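Chemist: structure of the sequence below:
(one chain, ligands or ions: 1)
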Amino acid sequence: MPGEPKNNNLRAFAKDGYFVARNFLSETQRQGLQASIQGDLAPLVGPAELEADVGYPGAPGDRSAEGGSTPRRLLHAYARSDKLRALALDTSATVVLSQLLGTEQVQLSQCHHNCVMTKYPGFSSATLWHQDIRYWSFDRPELISVWYALGDELEENGALSVIPGTHLENFGRGRLDGNLFLRPELEENQALIEQAKVVEMAAGDALFFHCRLFHAAGRNLTQQVKISPVFTYHAQSNQPIPETSSDRLPSIALSKVT
Ligand SMILES: O=C(O)CCC(=O)C(=O)O
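Modeler: Coordinates of the predicted model:
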């Protein structure tokens, strides 16, 4: 059973800050999601963020440049389609999240991730080393994201890389640049980055990862678009701080699992 909590996954998450649940999606679910998302990509259905908007390394300079209309994220995934909404509320994922967060009262954030990440051939950008929590504001830095691979995710098409165990460490402000990415020119950061692992996933796998885990991703150097829905969850006892960007929209309570 994909949603059955496995002790070795829980242990890996505690130690490394992530684990991959293999074959998490059924083939029907995966294909249905792919078809529904493809329908939102051409023509592009908003709200969406473009590669040119993020300005990451490799992105087109602006919207009028070649490749300037390349999508980077389809936003508001929860509200986009029945299939994405069902994925956001997936019972198997809820079981795992309840275990990882140590509560039956799990909530989906509509403010963070809640998107479909896309990486297009030709015009995709790289994401530098960062912790997702850096721009998020909650009572406690204890959120978990679930990243679904709808196709294979490999180094050459821009799979995520992670630095295991970094969710447990404290990093001084000096380790980070103005946008809160790791400063690669610092020797101590270089030693950290050498410990990175590429998280290769097969179509249908799901990556559970901690909001303090440092991660990065390369460009898509293949000829096929990579599509990855991502949702973020927190315990009911860990609420967004009022009047911050984490509090723009209410969280959605997941059904309790027994
Ligand atoms: O696919 C990527 O480039 C990574 C995206 C990412 O890490 C993020 O948006 O937080």
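Chemist: who in the chain is up against the ligand?
Modeler: Residues of the chain lying near the ligand by Cβ under 6 Å from any ligand atom: M117, T127, D132, G158, L160, H215, A217. Where you see a C-beta, it was placed from the backbone N, CA and C, and this is true even at glycine.
Chemist: what about the last one, neighbour count?
Modeler: Number of residues near A217 (other Cβ atoms under 10 Å) recorded here: 26.
Chemist: mind listing what's buried in the helix or strand encompassing W129?
Modeler: Taking DSSP states H and E as the criterion, the element that holds W129 is strand 127-130. Buried positions in strand 127-130, judged by neighbour count with 16 or more other Cβ atoms under 10 Å: T127, L128, W129, H130.
Chemist: how about the nearest residue to the third one, chain neighbours excluded?
Modeler: In other words, W129. Closest residue to W129 apart from its sequence neighbours, by Cβ to Cβ, 6 or more residues apart in numbering: L182 at 3.8 Å.
Chemist: tell me, how many residues neighbour S228?
Modeler: Neighbour count of S228, defined by other Cβ under 10 Å: 23.
Chemist: that one against E153, yeah?
Modeler: Yes: between S228 and E153 there is a contact under Cβ atoms under 8 Å: 7.0 Å.
Chemist: which one of the residues in the stretch 151-258 of the chain is closest to the ligand?
Modeler: A217 (3.4 Å; Cβ to the nearest ligand atom).
Chemist: residue contacts, that residue?
Modeler: Counting by Cβ atoms under 8 Å, 6 or more residues apart in numbering, A217 touches K119, A126, T127, G158, A159, L160, S161.
Chemist: repeat that for 10 Å
Modeler: Counting by Cβ atoms under 10 Å, 6 or more residues apart in numbering, A217 touches 56, 117, 119, 124-129, 153, 155, 157-162, 198-199, 226, 228.
Chemist: swap in T232?
Modeler: 88, 107-115, 132, 136, 143-147, 209, 211, 246, 251 are the contacts of T232 under Cβ under 10 Å, 6+ apart.
Chemist: list the strands paired with the host helix or strand of it, with their directions.
Modeler: Using DSSP H and E, the element containing T232 is strand 226-235. Paired strands of strand 226-235, with direction, are strand 106-108 (antiparallel), strand 115-119 (antiparallel), strand 143-148 (antiparallel) (DSSP bridges).
Chemist: make CSV from those strands and add mean neighbour count and mean pLDDT to it.
Modeler: Shown next, in CSV, are those (neighbours: other Cβ atoms under 10 Å; pLDDT from 0 to 100):
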stretch, mean neighbour count, mean pLDDT
strand 106-108, 24, 98
strand 115-119, 24, 98
strand 143-148, 24, 98
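Chemist: can you lay out those strands as JSON lines showing distance to Q34?
Modeler: JSON lines is the format used below for the strands paired with strand 226-235 (distance: least, Cβ to Cβ, whole Å):
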{"stretch": "strand 106-108", "distance to Q34": "21"}
{"stretch": "strand 115-119", "distance to Q34": "10"}
{"stretch": "strand 143-148", "distance to Q34": "11"}
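Chemist: show the buried residues in the contacts of A217.
Modeler: Among the contacts of A217, those that count as buried by neighbour count (16+ other Cβ under 10 Å) are 56, 117, 119, 124-125, 127-129, 153, 157-162, 199, 226, 228.
Chemist: still on that earlier bit, which neighbours do S228 and E153 share?
Modeler: K119, W147, A159, L160, M201, L207, A217.
Chemist: and the two most separated of those residues?
Modeler: Pairwise distances among those were taken by Cβ to Cβ; the largest, 15.1 Å, belongs to K119 and L207.
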